[in-house]
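*Asks:* give the three-dimensional model of this entry:
(chains A and B)
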Protein chains: 2
Amino acid sequence: MANTNEGKAKSTSKSGGKKKEVKKETGLGLSFKKDENFGEWYSEVVVNGEMIEYYDISGCYILRPTTMAIWDILKDFFDDKIKKMKIKNCYFPLFVSPGVLEKEKDHIEGFAPEVAWVTKSGKSDLEVPIAIRPTSETVMYPYFSKWIRGHRDLPLRLNQWCNVVRWEFSNPTPFIRSREFLWQEGHTAFATQAEADAEVLEILELYRQVYEDYLAVPVVKGKKSELEKFAGGYYTTSVEAFIPNTGRGVQGATSHCLGQNFANMFDISFENEKGERAKVWQNSWAYSTRTIGVMVMTHGDDKGLVLPPKVADLQIVVVPVPFKDADTQGIFDACTATVNTLIDAGFRVEADLRDNYSPGWKYSQWEMKGVPLRIEIGPKDLAKSQVRAVRRDNSAKMDIPMADLVEQMKVLLDEIQKNLFEVAKQKRDACVQVIKTWDEFVDALAHKKLILAPWCDEEEVEKDVKARTKGEMGAAKTLCTPFDQPEMEEGTLCFASGKPATKWTYWGRSY
Amino acid sequence: MANTNEGKAKSTSKSGGKKKEVKKETGLGLSFKKDENFGEWYSEVVVNGEMIEYYDISGCYILRPTTMAIWDILKDFFDDKIKKMKIKNCYFPLFVSPGVLEKEKDHIEGFAPEVAWVTKSGKSDLEVPIAIRPTSETVMYPYFSKWIRGHRDLPLRLNQWCNVVRWEFSNPTPFIRSREFLWQEGHTAFATQAEADAEVLEILELYRQVYEDYLAVPVVKGKKSELEKFAGGYYTTSVEAFIPNTGRGVQGATSHCLGQNFANMFDISFENEKGERAKVWQNSWAYSTRTIGVMVMTHGDDKGLVLPPKVADLQIVVVPVPFKDADTQGIFDACTATVNTLIDAGFRVEADLRDNYSPGWKYSQWEMKGVPLRIEIGPKDLAKSQVRAVRRDNSAKMDIPMADLVEQMKVLLDEIQKNLFEVAKQKRDACVQVIKTWDEFVDALAHKKLILAPWCDEEEVEKDVKARTKGEMGAAKTLCTPFDQPEMEEGTLCFASGKPATKWTYWGRSY
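*Replies:* Here you go, the predicted structure:
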């Protein structure tokens, strides 16, 4: 049960010993280790941590309350931010008629194989099959065309929180790749490219905050290659995360400038201030429940989930530790009083007063669920007017005088949030490998590195790299060209083509 | 343009005259009157008020920002309340496999004809057609069976905010009857009937608050008849609204006790404190975007929407009224300053500083959109350090010293909220007709009354009334048996069967 990832020694205290016994009896622990079998570990930890329940339709998952609490917190943050940017919420239908869906050729080519079709209602066949939205560009833009007449109708900035369906067949993975998922999708139209460009980056910064400030997951901001950009778009920016255990990048969220391509297809034009007709510039941007899977993969350990305090529905659990001859009622009362004090101070906290489980069993259960802080109250704590606090992230234990409780909890939760990010960042940074040649590239890929390479930025070269690295594990591709570019010496050549390199780009396998 | 419903005289002021002209030019007004052609008026007001856009798939509608802002406010209220009741949010898949969907016979009989089926993905046929949820009882309860083992797992109280699909064929109407709609659905399981019963009423009270306290729509709390209860449930309670113009009841929201029927079908049992196996008691409850349609029908008038201040995204609009030789810049500055003052005080407010529309045109547009309060600032107001306020609900105008602005806006918005409810309640109450005989019933029905009748509570009698009143307008049925029962004299007979009556029940046509 040692947290092998964190390199922490296993606790040898009595309660640690007890815990293990109880677990053996109840099967509460995980049967797979994160470092040994990451895939099985992940499937098990999302279920045992009660985030996900597998469903009887493949690729669909039940999002349990721990998950939805995180989603609601992220949503409150993001929704508030975009409302301040004067972006309004709306809701467009789940269903799309085929003619509209197929209007933009590049776009539909990207999605067509994954579109789910409704063909019957009750026992009757529909006259025309109806598609379920895989994304809403083609759902919305005919109405953008209708609503936008003059420059005073711009900008038009809409967002919706909804479900979308992509009937994928390969490797369904909870949160990361599912046939239905929840997301927000923003769709905006501007008079000028400058305004559209500015919004793309403003939204991307919010996505960085979702990952780094809330989920404590480090990400890289950058631009996708032509091959990897959004189907039908002009350019795509993204935040990219990295999972050291599998050596795979994860596209965390994307903010696209669509340019005027959809505006041409759907005739979204306006009369500008000079009285001339002009096409709008459009963006679309989205983040999904995938965020939560990246968080689980990043912080989880062999004891279970590890939730960052800012998104944990339950931040602190209070466990009574009664002893044979001690004042059990006094201990339970102290737990209740502690909870009440902390609730009044604004923490999300609960006492676990169940009398049919041992303290050790409870510790294991709350560790599995990833609760950031545990407070234990036993006879000695009662006598000394203190509580014992145990951190989930690094197992550190400390005694805290009741008088300092509220203040210390705040400090500890802040430290946990910060530490989770720092540890994840160190691990991610340790995976970054700067390479210059093809041999170095192949070697780094074999060692699951996040590869930063000088590239000529030619689409054919990326296709060639994909072809040459194809195999069981999947091909390597560009993840992004980071906005934060290291200096490049004059005369640097592309690692793959030998042509002059124009930029540093991250490469790797990805989810 | 007179508000004929409110019985208010048409304004004959200059601005009133101007308004009319501008409207003729621009087609901003409504072409139908609420009292003359309610159906057309409704379709037009939801579109011109920018709540709804018609969509290219029949029975599906686009919910525009004005609508979503209302939905978000109702959601924040309700979500907060149920979280305090320790009900947790979750998310179950959109898709249901046929075996599970069809497990509860009565239930599926109620929904089967309206279920939409996915049979293809991309170009491939699915092995088994998959249903889209019309509601989630059968989606969720197999997992309730899995999660509930002992009495400590109870109560289990979940809720989800989602879309559902019912492919109905008759009379699609925005908000009221649409093929896809948004709702919350709560699903809970308890050890005892007493707990389930208590929750049913607690939730129903929240639904009353949604309608009465937020949407200013009066409703009746009561119980549905056996014929009208939820398919597969034990008993159904509801809040019922009434639309005087059409003489139709509207089921506003329902809170069902499911009893142990689904628990039997899906084997949801637990070990109780005595160590015996027992079946759980379940509830389900829901309100949908229908709420918003009822609000529009209730308050809207011949000028457009009328939004209650508590749910209006925009509560106050500030319009400058420049005059030829007056200090235009001073007026515009005063508008901006007024808006800033009101934003700081927490109001949702905007200035309409467009220079290409006349004040009269703006008045009409904001009236169409239902903004509760308009502030006009002209040269005289500037000189006197005052603003002119105009109420949307009753067209009352008043001058307000700038010094009292914040305080007076609060008073006025509260008054509007209260007045909308009072006026709606008076109109609704004026429609209630107490009857005792079949002839009185038929006459009241013809006069679009909300009929309160003594009834024997026999299912056959309700079926018989339905059969006897069948016709173009639709049959009459029970709306609910109100919890608030008038006294019933001994010996009172059922209006339809002549048998002894056991209760007063509301009857009428309904949506």
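
*Asks:* you'd agree residue A:335 is up against residue A:321?
*Replies:* No: shown here, residue A:335 and residue A:321 do not form a contact pair, counting by CB atoms under 8 Å, at 9.5 Å. Where C-beta positions appear, they are placed from N, C-alpha and C, glycine not excepted.

*Asks:* shared neighbours of the two, anything?
*Replies:* Contact criterion CB atoms under 8 Å, 6 or more residues apart in numbering or on different chains; residues shared by residue A:335 and residue A:321: residue A:377.

*Asks:* flag every buried residue along stretch A:281-293.
*Replies:* Neighbour-count burial for stretch A:281-293 flags A:281-293 (criterion: 16 or more other CB atoms under 10 Å in any protein chain shown).

*Asks:* go through these and name the one nearest chain B.
*Replies:* Checking these against chain B by CB to the nearest CB gives residue A:289 as the nearest, at 8.5 Å.

*Asks:* per-residue pLDDT, the closest one?
*Replies:* At residue A:289, the model reports a pLDDT of 98.

*Asks:* the strands in the stretch 51-200 of chain A, which residues?
*Replies:* Assigned by DSSP state E, counting those that start in this stretch, the stretch 51-200 of chain A shows strands spanning A:52-54, A:61-63, A:88-89, A:95-96, A:116-121, A:124-132, A:156-165, A:180-190.

*Asks:* spatially central residue in chain A, please.
*Replies:* Closest to where the C-alpha atoms of chain A average out (CA atoms, centre = their mean) is residue A:291, at 1.3 Å.

*Asks:* other SSEs contacting the strand or helix carrying that residue?
*Replies:* Residue A:291 belongs to helix A:290-299 when assigned by DSSP states H and E. Packing partners of helix A:290-299 (3 or more CB pairs under 8 Å, 6 or more residues apart in numbering or on different chains; DSSP states H and E): helix A:38-48, helix A:65-84, strand A:235-243, strand A:248-259, helix A:405-431.

*Asks:* let's see it at 6 Å
*Replies:* The helices and strands touching helix A:290-299, judged by 3 or more CB pairs under 6 Å, 6 or more residues apart in numbering or on different chains; DSSP states H and E, number zero.

*Asks:* OK, now which residue of the stretch 301-450 of chain A is nearest to chain B?
*Replies:* residue A:354 (6.7 Å).

*Asks:* neighbours around that residue, how many?
*Replies:* 13 (other CB atoms under 10 Å in any protein chain shown).

*Asks:* could you measure from it over to residue B:176?
*Replies:* From residue A:354 across to residue B:176, the span is 47 Å (CB to CB, to the nearest Å).

*Asks:* sorry, back to before: can you lay out the strands of the stretch 51-200 of chain A as TSV showing mean neighbour count?
*Replies:* Listed next are the strands of the stretch 51-200 of chain A as TSV, based on neighbours: other CB atoms under 10 Å in any protein chain shown:
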stretch	mean neighbour count
strand A:52-54	18
strand A:61-63	23
strand A:88-89	20
strand A:95-96	23
strand A:116-121	20
strand A:124-132	16
strand A:156-165	20
strand A:180-190	22
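
*Asks:* of all these, which one is nearest residue B:203?
*Replies:* Among the strands of the stretch 51-200 of chain A, strand A:61-63 comes nearest to residue B:203, with 22.3 Å by CB to CB.

*Asks:* pLDDT averaged over the closest one - what is it?
*Replies:* On average, the pLDDT along strand A:61-63 is 98.

*Asks:* pretty sure residue A:181 contacts residue A:289?
*Replies:* Yes: using CB atoms under 6 Å, residue A:181 makes contact with residue A:289 at a distance of 5.1 Å.

*Asks:* list the contacts of residue A:274.
*Replies:* Applying CB atoms under 6 Å, 6 or more residues apart in numbering or on different chains, one finds that residue A:274 lies in contact with no residue.

*Asks:* returning to that earlier point: distance from the following helix or strand past the helix holding residue A:291 to the middle of the chain?
*Replies:* Once helix A:290-299 ends, the next helix or strand along the chain (criterion: DSSP H and E) is strand A:316-320. Offset of strand A:316-320 from its chain centre (CA atoms, centre = their mean, to the nearest Å): 28 Å.

*Asks:* now do strand A:316-320: which elements does it pack against?
*Replies:* Checking 3+ CB pairs under 6 Å, 6+ apart, strand A:316-320 ends up next to helix A:328-344, strand A:349-351, helix A:359-368, strand A:373-377.

*Asks:* I'd like the ones you listed as a markdown table, with distance to chain B, mean neighbour count and mean pLDDT appended.
*Replies:* Listed next are the helices and strands packed on strand A:316-320 as a markdown table, based on distance: least, CB to the nearest CB, whole Å; neighbours: other CB atoms under 10 Å in any protein chain shown; pLDDT from 0 to 100:
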| stretch | distance to chain B | mean neighbour count | mean pLDDT |
| --- | --- | --- | --- |
| helix A:328-344 | 12 | 16 | 96 |
| strand A:349-351 | 10 | 20 | 98 |
| helix A:359-368 | 12 | 22 | 97 |
| strand A:373-377 | 20 | 23 | 98 |
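
*Asks:* these: which one's closest to residue B:451?
*Replies:* Closest approach to residue B:451 among the helices and strands packed on strand A:316-320 is made by helix A:328-344 (49.8 Å; CB to CB).

*Asks:* other residues contacting the closest one?
*Replies:* A:318, A:320, A:322, A:349, A:351, A:377, A:382.

*Asks:* picking up where we left off before, residues contacting the residue nearest to the centre of chain A?
*Replies:* With CB under 6 Å, 6+ apart, residue A:291 has no contacts at all.

*Asks:* quick one on the thing from earlier: in CSV: the strands of the stretch 51-200 of chain A, plus distance to chain B.
*Replies:* What follows is those, written out as CSV (distance: least, CB to the nearest CB, whole Å):
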stretch, distance to chain B
strand A:52-54, 6
strand A:61-63, 4
strand A:88-89, 4
strand A:95-96, 5
strand A:116-121, 4
strand A:124-132, 6
strand A:156-165, 6
strand A:180-190, 5
